[in-house]
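Peer 1: sequence and predicted structure below; questions after.
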Amino acid sequence: MNHDDSDQQNPNLPALTGEAEETRPARHKKIVLKRRDEVEGTHLSIRYSDELNAAQLAAVEQTEGPILVIAGAGTGKTRTLVYRVARMIESGIRPDNILLTTFTRKAAAEMLRRAAILVGSRAEQVEGGTFHSFANLTLRRYAKLLGYQNNFTILDQGDAEDAINFLRGQMGLDAKNRRFPRKRTLGSIISASINRVIPVREFVEEAYSHFRREIEEIEGLARTYRDYKAGHNLMDYDDLLVNMALLLDRHEDIRKHLADKHRYIMVDEYQDTNKLQHEIVRLLGEKHKNVMVVGDDSQSIYSFRGANFRNIMDFPKAFPGTEIVKLEENYRSSQPILDFTNEILRRAVEKYEKHLYTRRTGGQTPMIVATGSDQLQSEFIVQMILELREQGTELSDIAVLFRSSFLSFDLEIELNKVNIPYIKMGGFKFIEAAHVKDLVAYLRVVHNPQDVVSWNRILLLLEGVGPRTSQNVIDLISSGELRLNEESAENAPGNERVGSLFRFLSLIGSEEIPVPEKVERLIEYYRPIMQGKYDDYSKREKDIEVFAEIADRYRSLNSFLADMALEPPTDSVVGLEAGEDDEKLVLSTIHSAKGLEWDTVFILTALDGRFPSFWAAEDLNDMEEERRLMYVAATRAKNRLILSYPLNLYDREMGMTLTKPSRFIADIPDEIADRFVLEDE
């Protein structure tokens, strides 16, 4: 709480809630209390005008009606959301009437934690999370209206691809004498058609034209996959959004009920939403119109995941009367870096006009460095990193960003030569580790015995059980002839290990056994299986310990499995070397770097054909997204920004070829960036 000493006659007096009465004896001196902000008679404990700049305050103060906040990079977007939650609660809005959606539940939890510091525990009653977690919780209550049971299993991407591959084989589409898309490609096709709300046929013709002859089979597989999931009480990530939108669209009474409950909706990172997410917001907000979305059109870079640039550009059309507030004061970068990023945006074809500025003084002019070759570029960056390290900049505060992962390969060789430790963003994920997926599969079967994808995984872990036996067991489970009980254990086909598996699953499936104990018993059962399957099982033990520690936090198996699917831990110890220094240089694709910041940022291989990508030249929308990608990369830097490119590039077909700098930096004025040509001693 901020205090103005000039308004207090005696700073040692406690805060007062009113004035001393005139009728008091003359010896009582009068104290006049200066009020803080007031809203409709409600006294606010926070002086918002002191904590926020004018644009942030405008976004915080408007709570009724639609509002679009265009938040430039580093302009205090999160702070604005936190203070808006606090202001709404202080103004008398019930916390449970507020819905805050972000792109990770961790981000939502952090925002609400910060709001709780401002206004107390009331902020914890706000419903915060991702679109997927919100859909999951809602669908658990209303799943039967859509033909599902409330204990449906959520398939992660790997599970979904395995199910697609299984059906691909069942339909005879895996014959070796024909070229048919693999499971990952099929998963991408099906997912993209759903997120973009376009037919499978249209997406195949647009993105995979070489599979035109297989379109009918792909369409058939997509329908079979849809029916397969519905028949076995399974939903993948896309189904959560599809079914949430269907629920709101088809059931007016539920839509009205949810709209009454969530009378105030706040959506972060709106430029990254897809058509289904936009539709969910529209349906939930059409009654009360109290929707605030926050985002930066210039950071819309995830179209390959289904994000729709038009959502943020057309929001005012979806919600007529929208108030637009622009956050332009930057708290991250020096002004020379902001001048550079403003120049990149100036040439954008379609955008919300904004001009980033900072009150910080000084700062180094960005550098654009041309080198003779890829190797010289790498040697230059290594030399710069070593010099910065000598000057006191920690390795962990330096990042090298690139358009595509392969562009860093040459640099990695040079870093290894001089023993500079580094971490490359986008490593192995905890939930993707095979042994963790095994454990999750056992629990999914206990939770949803119709989850045939998980059944197949755990059956194939048994010694002496192959695909044929596994399919036989699954068919009997699907028909209802086998259940998790002693009778089925006696009659299960295959060897005695199948019967033992049924008995074990029946045992830990008891509702009387709490989740942590289920997991402890499961680990005891699974450990010898893991030791027989994996040569590096000792490394995997640590992940199993982490899995047990996570399970200790849960009372509900449903919640545990949902969180493991929607918000899993990110790091696995498998594949990581022990004993490395904590301080590491960061190498990252630009997509993985969004939302992060470093003191010094290198942008590697800023070449036409590499950045922007050669493939983007065919489509204006793709080229504009590449421009936004350059903006995102540059705005990660606080104090130093260095872009580099080789003048000569080796091509396998053409040999050594001359290059051109990225079109995004080719015409940058000299007063905005210093240009250098590297000379080799």
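Peer 2: Right, received. Where do you want to start?
Peer 1: run a quick neighbour tally on residue 182.
Peer 2: Per other C-beta atoms under 10 Å, the neighbour tally for residue 182 reads 13. All C-beta spots, glycine's among them, are computed from the backbone N, C-alpha and C.
Peer 1: mind checking pLDDT for it?
Peer 2: pLDDT recorded at residue 182 is 84.
Peer 1: dump the residue contacts of it.
Peer 2: residue 165 (C-beta atoms under 8 Å, 6 or more residues apart in numbering).
Peer 1: if I look at it, how far off is residue 471?
Peer 2: Distance from residue 182 to residue 471, counting by C-beta to C-beta, to the nearest Å: 21 Å.
Peer 1: so which residues of the stretch 251-400 of the chain form strands?
Peer 2: In the stretch 251-400 of the chain, the strands defined using DSSP state E, counting those that start in this stretch lie at 264-267, 291-295, 323-327, 367-371, 398-402.
Peer 1: so which of those gets nearest residue 516?
Peer 2: With distances scored as C-beta to C-beta, the stretch of the strands of the stretch 251-400 of the chain nearest to residue 516 is strand 264-267 (34.5 Å).
Peer 1: what are the pairing partners of the closest one, and which direction each?
Peer 2: Here strand 264-267 is paired, per DSSP bridges, with strand 98-101 (parallel), strand 291-295 (parallel).
Peer 1: can you classify the residue nearest to the spatial centre of the chain by secondary structure?
Peer 2: Taking C-alpha atoms, centre = their mean, the centroid of the chain lies closest to residue 103, which sits 4.7 Å from it. At residue 103 the chain is in coil, as set by DSSP: H, G, I helix; E, B strand; the rest coil.
Peer 1: per-residue pLDDT, it?
Peer 2: Residue 103 carries a pLDDT score of 85 in this model.
Peer 1: where does pLDDT dip in this protein?
Peer 2: Within the chain, the stretches with pLDDT under 70 are 1-43, 175-178, 426-430, 535-536, 539, 567-582, 650-656, 681.
Peer 1: wait, what's in contact with the closest residue to residue 441 other than its chain neighbours?
Peer 2: Distance criterion C-beta to C-beta, 6 or more residues apart in numbering; nearest residue to residue 441, sequence neighbours excluded, is residue 454 at 3.9 Å. Residues in contact with residue 454, defined by C-beta under 8 Å, 6+ apart, are 153, 159, 440-442, 444-445.
Peer 1: state which helix of the protein is the longest.
Peer 2: For the chain, the helix with the greatest residue count under DSSP state H is helix 515-533.
Peer 1: tell me which other helices or strands that helix touches.
Peer 2: Here helix 515-533 touches helix 434-447, helix 496-508, helix 537-551, helix 557-566, going by 3 or more C-beta pairs under 8 Å, 6 or more residues apart in numbering; DSSP states H and E.
Peer 1: just how off-centre is it within its chain?
Peer 2: A distance of 31 Å separates the C-alpha centroid of helix 515-533 from that of its chain, computed with C-alpha atoms, centre = their mean, to the nearest Å.
Peer 1: relative orientation of it and helix 557-566 in degrees?
Peer 2: Angle of helix 515-533 versus helix 557-566, following axes from the mean of the first three to the mean of the last three C-alpha atoms, to 10 degrees, is 50 degrees.
Peer 1: contacting residues around helix 515-533?
Peer 2: With C-beta under 8 Å, 6+ apart, helix 515-533 has contacts from 435, 438-439, 442-443, 446, 461, 463, 504, 507-508, 513, 537, 540, 544, 547-548, 551-552, 554-557, 560.
Peer 1: so can I have CSV of the strands paired with strand 264-267 showing distance to residue 62 and mean neighbour count?
Peer 2: As requested, the strands paired with strand 264-267 are arranged in CSV below (distance: least, C-beta to C-beta, whole Å; neighbours: other C-beta atoms under 10 Å):
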stretch, distance to residue 62, mean neighbour count
strand 98-101, 14, 25
strand 291-295, 8, 25
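Peer 1: now do the same for residue 586: helix, strand or coil?
Peer 2: Under three-state DSSP, residue 586 comes out as strand.
Peer 1: how many residues are close by it?
Peer 2: Going by other C-beta under 10 Å, the residues that sit close to residue 586 add up to 21.
Peer 1: strands of the stretch 1-150 of the chain, residue ranges please.
Peer 2: Assignment of strands within the stretch 1-150 of the chain using DSSP E, counting those that start in this stretch yields the ranges 38-39, 42-43, 67-71, 98-101, 127-129.
Peer 1: now the helices: where do they sit in the stretch 251-400 of the chain?
Peer 2: In the stretch 251-400 of the chain, the segments counted as helices under DSSP state H, counting those that start in this stretch are 252-261, 275-285, 309-313, 315-318, 335-346, 374-390.
Peer 1: follow-up on the earlier one: of all the strands paired with strand 264-267, which one comes closest to residue 565?
Peer 2: strand 98-101 (17.6 Å).
Peer 1: distance from that closest one to the middle of the chain?
Peer 2: 16 Å.
Peer 1: how about the helix or strand harbouring residue 242 as PDB, C-alpha atoms only?
Peer 2: Using DSSP states H and E, the element containing residue 242 is helix 237-250. Extracted in PDB, the C-alpha atoms of helix 237-250 (Å, rounded to 0.1, in the frame of the first residue of the first chain):
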ATOM      1  CA  TYR A 237      -6.900 -32.500 -26.900                       C
ATOM      2  CA  ASP A 238      -8.900 -31.300 -29.900                       C
ATOM      3  CA  ASP A 239     -12.000 -33.100 -28.700                       C
ATOM      4  CA  LEU A 240     -12.000 -31.100 -25.500                       C
ATOM      5  CA  LEU A 241     -12.500 -27.900 -27.500                       C
ATOM      6  CA  VAL A 242     -14.800 -29.400 -30.000                       C
ATOM      7  CA  ASN A 243     -17.100 -30.900 -27.400                       C
ATOM      8  CA  MET A 244     -17.000 -27.700 -25.300                       C
ATOM      9  CA  ALA A 245     -18.100 -25.700 -28.300                       C
ATOM     10  CA  LEU A 246     -20.800 -28.300 -29.100                       C
ATOM     11  CA  LEU A 247     -22.100 -28.200 -25.500                       C
ATOM     12  CA  LEU A 248     -22.500 -24.400 -25.500                       C
ATOM     13  CA  ASP A 249     -24.000 -24.400 -29.000                       C
ATOM     14  CA  ARG A 250     -26.500 -27.200 -28.600                       C
END
